[in-house]
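> When you get a sec, could you give me coordinates for this:
(one chain, ligands or ions: 1)
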Amino acid sequence: MKVVLQNLTKIFPSRNKKAGGEVVAVNDFTFEIPDGKLIGLLGPSGCGKSTTLYMISGLQKPTGGKIFFGDDDVTELSTENRGIGLVFQNYALYPHLTVKQNILVPLQNLKGENKLSKQEMLERAYEVARLVQIDELMDRKPGELSGGQQQRVAIARALVKMPRVLLLDEPLSNLDARLRLQTREEIRRIQRETGITTVFVTHDQEEAMSISDMIVVMKLGVVQQTGKPQEVYDNPTNLFVAKFLGTPPINVFNGSIKGGKLFLGDSAVLDVPELEDRENVYVGIRPEGFVVDPNGPLSCDLSSLEVMGRDVSVVSRHAASINPVIRSIVDADNKIDPTSPTINYSLKRHKVFIFDGETEERIYFEV
Ligand code: ATP
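So this is what the prediction gives:
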């Protein structure tokens, strides 16, 4: 089931009339989520991702715009009638009910022609329990489960009504690092097996990149960029997106363009013959964009080396760097002398992005 968001807008009125200042939580969001795909809604706290999810769920009414599930306009439909499954960060299970009873609740609430027999309900409950691999735990209470298991129960409960769309709001936030990894792979598997169109909200870029077919990066209610995770990483449209994606994060420098060359401080690091002179630009260089090269044009003060097995993380400094240190990731085959005061780099063109010094929008050059 494809989901279409058309000029979706949500404005929260100001609580304090005198102080004014309504909040535009989501601003004119248009996007088509293809059938059967998993979309990651991504952005820092307050960017409007949960509000977007709640509008898709029907828990919040848009101030403007429309939502379609397939060809159905669901904008005015109540949450119960949308055919969605919702999973929250805090699981929201009934503590006094067993796992089985928790999963059965949505089916027991079905009315009229949708009503199921007891036998049918149990079959469905066991089917989803097997899918999320909790069928051995059906007689336990939520308090007797680990966080990861509780989240699986919540997912089973969301799936048992065979929703048209599955909505996940920071579902992994309450789990420890190892369980997060495991559960996110589980969610991916379940989503692939069921083929249910899924929207996944997170502020964790790594999480979103690793499981999403497409990501939507938001900032202050405005969509910054949409696309496949790798495409967005390789081709950020502005400085915000470039900085938001990637671990370690992108290195940002103050730069300038003079006579067809890109300068970081006094060092001409790249030929950009098609670009006009500019006093102030931001230059983003991905950690993997640095090549150790004794004759390279970018000379940095070497601070330390962190060996990571296959790769080495090099920490260095440069006067034009905006961050206190530059982190580059280079192949461990590079024999770097840790006692050397400096390290020289040449740069991989396709790992270097130039942004306007004021608007922070990308300035493109031939790669
Ligand atoms: P987080 O990751 O912290 O949950 P988010 O990206 O999900 O953040 P939203 O919860 O969608 O962000 O909030 C977007 C903006 O709308 C924020 O500025 C928030 O303060 C505001 N907001 C959200 N809900 C309400 C509300 N009920 N009344 C007024 N303002 C609200």
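
> Tell me which other helices or strands the helix or strand harbouring residue 124 touches.
Using DSSP states H and E, residue 124 falls within helix 118-131. If you count contacts as 3 or more C-beta pairs under 8 Å, 6 or more residues apart in numbering; DSSP states H and E, helix 118-131 packs onto helix 99-108, helix 147-159, helix 177-194. No exception for glycine: its C-beta is placed from N, CA and C like everyone else's.

> let's see 6 Å
Counting contacts by 3 or more C-beta pairs under 6 Å, 6 or more residues apart in numbering; DSSP states H and E, helix 118-131 is packed against helix 99-108, helix 147-159.

> Please compute how far that helix lies from its chain's middle.
Taking the mean of its C-alpha atoms, helix 118-131 sits 32 Å from the chain's own mean (C-alpha atoms, centre = their mean, to the nearest Å).

> do stretch 266-284 as well
Using C-alpha atoms, centre = their mean, the offset of stretch 266-284 from its chain centre is 31 Å.

> give the contact list for residue 45.
By C-beta atoms under 6 Å, 6 or more residues apart in numbering, no residues touch residue 45.

> per-residue confidence for the closest residue to the ligand within the stretch 51-200 of the chain?
Proximity of the stretch 51-200 of the chain to the ligand (C-beta to the nearest ligand atom) peaks at residue 51, 3.3 Å away. Residue 51 is assigned 95 on the pLDDT scale.

> just checking, it touches residue 10?
Yes - at 5.1 Å, residue 51 counts as touching residue 10 under the criterion of C-beta atoms under 6 Å.

> Common neighbours of these two, please.
Listed as contacting both residue 51 and residue 10 by C-beta under 6 Å, 6+ apart are 25-26.

> circling back to that earlier point, please work out which of the helices and strands packed on helix 118-131 is packed deepest.
Comparing the helices and strands packed on helix 118-131 by mean neighbour count (mean count of other C-beta atoms under 10 Å), helix 147-159 comes out on top with a mean of 24.

> now it, how far from the chain's geometric center?
Put simply, helix 147-159 sits 21 Å off its chain's centre (C-alpha atoms, centre = their mean).

> what does that helix contact?
Here helix 147-159 makes contact (C-beta under 6 Å, 6+ apart) with 85-87, 91, 93, 99, 102-103, 128-129, 132, 134, 142, 171, 174-175, 179, 183.

> For the protein, name the helix or strand with the lowest mean pLDDT.
Least confident helix or strand of the chain, by mean pLDDT, DSSP states H and E, is helix 177-194 with a mean of 87.

> now the helix or strand that it is followed by, how far from the chain's geometric center?
From helix 177-194 onward toward the C-terminus, using DSSP H and E, the following helix or strand is strand 197-202. Centroid separation for strand 197-202 versus its chain: 9 Å, with C-alpha atoms, centre = their mean.

> Closest residue of the stretch 151-300 of the chain to the ligand?
As assessed by C-beta to the nearest ligand atom, the ligand sits closest to residue 203 within the stretch 151-300 of the chain, at 5.0 Å.

> okay, now that residue: neighbour count?
Per other C-beta atoms under 10 Å, the neighbour tally for residue 203 reads 18.

> Could you measure from the closest residue to residue 33 other than its chain neighbours over to residue 228?
Using C-beta to C-beta, 6 or more residues apart in numbering and skipping the chain neighbours, the partner closest in space to residue 33 is residue 3 (4.2 Å). Distance, residue 3 to residue 228, using C-beta to C-beta, to the nearest Å: 18 Å.

> Settle it for me: which of the two has more neighbours?
Set residue 3 next to residue 228 and count neighbours by other C-beta under 10 Å: residue 3 wins out with 24 against 13.

> ok, now which ones touch that one?
33, 69, 165, 197.

> rerun that using 8 Å as the cut-off
Applying C-beta atoms under 8 Å, 6 or more residues apart in numbering to residue 3 gives the contacts 32-33, 56, 67-69, 165, 197, 199.
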